[in-house]
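Novice: Return a 3D structure for these sequence lines:
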Amino acid sequence: MKSIEAQGKTVDQAIEIGLYKLGVTRDQVKISILEEASLFSKARVRLSLNESSENETEIKTIAEKIIELMGLELDVYVEEQEEQFLVDVTGKDAAIFIGKHGDNLEGFGYLLNTIAGKKNAGDGRKRIVVDSDGYKSKREETLKVLAVRTAGKVVATGRSVRLEPMSPAERRIIHTALADHAKVTTVSNGKEPFRYVTVLLKDGADKRKQRHDNRKEKEAENNTFTNIDISADLREDNN
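Specialist: Next comes the predicted model:
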């Protein structure tokens, strides 16, 4: 099902803009109001063409059944794209559906792909990507900012930084964001579901450890000189 989002000063204006972009009339689309206009934001609506492919309908039916079992009130929109099916879930329970750091969203996507895949095993079906109110794109930007800030902290302090546990997809965003950084690198540690990313200096030794090693070496040298002095004093006393 082809769908687009449109914005306007009012809901009606947003709808008209969306209809113009699609080149259709109101009776040919399903309209969902995503956000009313306010003092600081425009109205936002989604327009979806009424026609759906067989695969889109099947995925939508499975998704709606899972959401019903979850006891949430949400709307499901499915769009077949060139390399994937995009499932966008919106509604008043969207925050619950997304969960902390998108955990529920990731779990839903895994479950949906598993069930749909079993129903159509061997037909080479496209991957199903699930999003909710643009959460994934917003989260990706947040993680990119986190990666850059963390890299700056590592360079400034010389200390490695361990980030909170993340999903494989989110860890990949951190790794990619810092892949070309001149001074830091990233590694994943731990076991799922608590696997996390560590950001560290590229030379493999942070400055704190280096200072610690230098201090230990200096102490060892001082102890050596002290032992030599004591030995010398003892020889003089014996003479």
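Novice: Run a quick neighbour tally on A63.
Specialist: 24 (other C-beta atoms under 10 Å). (Each C-beta comes from the backbone N, C-alpha and C, glycine too.)
Novice: In contact with it, which residues are there?
Specialist: Counting by C-beta atoms under 8 Å, 6 or more residues apart in numbering, A63 touches 76, 78, 87, 89, 112, 130.
Novice: can we see that at 10 Å?
Specialist: 74, 76-78, 87, 89, 108-109, 111-112, 115-116, 128, 130 (C-beta atoms under 10 Å, 6 or more residues apart in numbering).
Novice: buried subset of these?
Specialist: 74, 76-78, 87, 89, 108-109, 112, 116, 128, 130 (16 or more other C-beta atoms under 10 Å).
Novice: Neighbours of T57, how many?
Specialist: Neighbours of T57 using other C-beta under 10 Å come to 12.
Novice: for I173, that is, sorry about that
Specialist: I173 has 21 neighbours, counted by other C-beta under 10 Å.
Novice: Equivalent analysis for R26, please.
Specialist: Neighbours of R26 (other C-beta under 10 Å): 11.
Novice: re earlier: could you list which of the buried ones among the contacts of A63 belong to helices?
Specialist: Within the buried ones among the contacts of A63, residues falling in helices by DSSP state H are 108-109, 112, 116.
Novice: Need those residues in a markdown table (columns: distance to T25 and pLDDT).
Specialist: Compiled in a markdown table, these are given as follows (distance: C-beta to C-beta, whole Å; pLDDT from 0 to 100):
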| residue | distance to T25 | pLDDT |
| --- | --- | --- |
| F108 | 34 | 94 |
| G109 | 34 | 93 |
| L112 | 32 | 94 |
| A116 | 33 | 87 |
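Novice: Pipe those residues into JSON lines and attach distance to L39 per row.
Specialist: Shown next, in JSON lines, are those (distance: C-beta to C-beta, whole Å):
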{"residue": "F108", "distance to L39": "34"}
{"residue": "G109", "distance to L39": "35"}
{"residue": "L112", "distance to L39": "38"}
{"residue": "A116", "distance to L39": "42"}
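Novice: Looking at these, which is nearest E56?
Specialist: A116 (11.2 Å; C-beta to C-beta).
Novice: Test my guess that that closest one contacts I62.
Specialist: Yes: with contacts counted by C-beta atoms under 10 Å, A116 reaches I62, the gap being 5.8 Å.
Novice: what is in contact with those two at once?
Specialist: 87, 128.
Novice: closest to P168 among the ones in helices among the buried ones among the contacts of A63?
Specialist: Nearest to P168 among those, counting by C-beta to C-beta, is G109 at 12.1 Å.
Novice: all helices of this protein, in order?
Specialist: With DSSP H as the criterion, the chain has helices at 11-22, 54-70, 94-98, 103-119, 135-157, 168-177, 207-238.
Novice: Quick one: closest of those to E82.
Specialist: Proximity to E82 (C-beta to C-beta) singles out helix 54-70 among the helices of the chain, at 13.7 Å.
Novice: Report the buried residues of the closest one.
Specialist: 55-56, 58-60, 62-63, 67.
Novice: Quick check: pLDDT value at the most centrally placed residue in the chain.
Specialist: In the chain, the residue lying closest to the centroid (C-alpha atoms, centre = their mean) is E170, at 3.7 Å. Per-residue pLDDT puts E170 at 91.
Novice: I am finished for the moment; much appreciated.
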